[in-house]
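**Student:** build me a structure from this.
(one chain, ligands or ions: 3)
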Amino acid sequence: DAPETLKSRAPVVTIMGHVDHGKTSLLDALRGTDVVAGESGGITQHIGAYQVTTKGGDVITFLDTPGHEAFSEMRARGANVTDIVILVVAADDGLMPQTIEAINHTKAAGVPMIVAINKCDKPEANPQKVRERLLEHEIVVEDMGGEVQDVQVSALKKTGLDELIEKILLQAEVMELTANPDRAAEGNVIEAQLDKGRGAVATVLVRKGTLKVGDTFVIGAESGKVRALINDKGQNVKTAGPSTPVEILGLSGVPMAGDQLTVVENEARAREVAAYRQEQ
Ligand code: GTP
Ligand code: NA
Ligand code: MG
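**Tutor:** Numbering: from 1, shown residues only. Ligands and ions are numbered 1, 2, ... in the order given. Reported below is the predicted structural model:
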């Protein structure tokens, strides 16, 4: 086989933190959207996957996670498909149980962390106290002589966002993230559900290769042929390359979050791989 040609790819950044510390608001501010307003009770119920193109033309993939106890599994998964974690800590509330849980997931995944101290617009905000409390969990930010980058932000007032983007890009640059786009796609299911009109739908994060309409694939123990690909803006696309989140239609059933997507040469091979995985 010819050696693989690696090309740089967008960093995959997962936003984690305690419930209501402003993860979705921060992502809304970065994207110029208003997802929180559309959420039932302002509570995130699933992992949202979005791409942001920065002013400088760099692309960053973001995964938004829920802050609730019931979603511990999902947060753990988020940490596993990610290059960088943004730990959101509300400066008025400080470190809370799910902040600490997110720290532990991040450490376990061996992923670099950037701390976004949010809600700094509030009069009761105390960012210094957040930095001190982080020390107790061996997170030493630059200000305290350590190496973890931190940034004071307000998702509400949209302050500190450029600095946050800069720090993400700086971290990504150091990591030299690459993938070969010119091969059969591989990826991971971020979330999946049975949709009334569309049948089984999975949101997949492509890790390597390029996924194309018409590709035959296996996801977990399900197989299928890509009938349509829908990007994070709701548009139909023909292809999805490395670090791109995309909805796939054309599945035989609903896979599980975390399941591996593999594109194979033909349907016979897909059935073979699916059967093998069912036995595991
Ligand atoms: P879950 O997904 O439910 O865990 O919450 P979340 O972390 O995504 O928080 P969300 O974005 O839903 O924000 C929670 C509340 O905090 C909302 O009422 C926001 O308007 C508010 N909020 C978020 N960011 C800021 C901020 O920078 N300043 C102030 N004052 N309020 C904020
Ligand atoms: Na919320
Ligand atoms: Mg949220």
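**Student:** just name the shakiest helix or strand of this protein by mean pLDDT.
**Tutor:** Least confident helix or strand of the chain, by mean pLDDT, DSSP states H and E, is helix 72-80 with a mean of 71.
**Student:** just list what that one packs against, helices and strands only.
**Tutor:** strand 12-17, helix 97-109 (3 or more C-beta pairs under 8 Å, 6 or more residues apart in numbering; DSSP states H and E). The way it works is simple: take the backbone N, C-alpha and C, and place the C-beta from them, glycine included.
**Student:** centre of the chain to it, how far?
**Tutor:** Here helix 72-80 is found 10 Å from its chain centre; the criterion is C-alpha atoms, centre = their mean, to the nearest Å.
**Student:** please identify the pairing partners of the helix or strand just after that helix and their relative orientation?
**Tutor:** Sequence-wise, the next helix or strand downstream of helix 72-80 (DSSP states H and E) is strand 84-90. Take DSSP bridges as the rule and strand 84-90 pairs in its sheet with strand 12-17 (parallel), strand 113-118 (parallel).
**Student:** deepest of the helices and strands packed on helix 72-80, which one?
**Tutor:** With neighbours defined by mean count of other C-beta atoms under 10 Å, none of these is more surrounded on average than strand 12-17, at a mean of 26.
**Student:** quick check: angle from the helix or strand just after that one to helix 97-109?
**Tutor:** Next helix or strand after strand 12-17 toward the C-terminus (DSSP H and E): helix 23-31. Angle of helix 23-31 versus helix 97-109, following axes from the mean of the first three to the mean of the last three C-alpha atoms, to 10 degrees, is 70 degrees.
**Student:** tell me the contacts of the nearest residue to E69 once chain neighbours are set aside?
**Tutor:** Closest residue in space to E69, ignoring its immediate chain neighbours: Q98 at 7.2 Å, by C-beta to C-beta, 6 or more residues apart in numbering. Residues near Q98 by C-beta atoms under 8 Å, 6 or more residues apart in numbering: G17, H18, V19, G67, H68, E69, R75.
**Student:** now swap in T54 and tell me
**Tutor:** Counted by C-beta under 8 Å, 6+ apart, T54 has contacts I60, I165, L169.
**Student:** over to the residue in the stretch 51-200 of the chain that ligand 1 sits nearest to. Which of the three states is it?
**Tutor:** Nearest residue of the stretch 51-200 of the chain to ligand 1: G67, at 2.5 Å (C-beta to the nearest ligand atom). Counting by DSSP: H, G, I helix; E, B strand; the rest coil, the backbone at G67 sits in coil.
**Student:** re earlier: can you say which of the strands paired with strand 84-90 is nearest to ligand 2?
**Tutor:** For these, proximity to ligand 2 was assessed by C-beta to the ion; strand 12-17 is nearest, at 10.4 Å.
**Student:** name the surrounding residues that touch that closest one.
**Tutor:** Defining contact as C-beta under 8 Å, 6+ apart, one finds that strand 12-17 is touched by 23, 26-27, 60-65, 67, 75, 78-79, 81-90, 98-99, 102, 105-106, 168, 205, 243.
**Student:** again, only using 6 Å
**Tutor:** With contacts defined as C-beta atoms under 6 Å, 6 or more residues apart in numbering, strand 12-17 is touched by 23, 27, 60-65, 75, 78, 82-88, 99, 102, 168, 243.
**Student:** contact residues of the protein facing ligand 3?
**Tutor:** For the chain, the residues found near ligand 3 under the criterion C-beta under 5 Å from the ion are K23, T24, T44.
**Student:** the first one and ligand 1, how far apart?
**Tutor:** Computed as C-beta to the nearest ligand atom, to the nearest Å, the K23 to ligand 1 distance reads 4 Å.
**Student:** got it, and the last one?
**Tutor:** As defined by C-beta to the nearest ligand atom, T44 lies at a distance of 3 Å from ligand 1.
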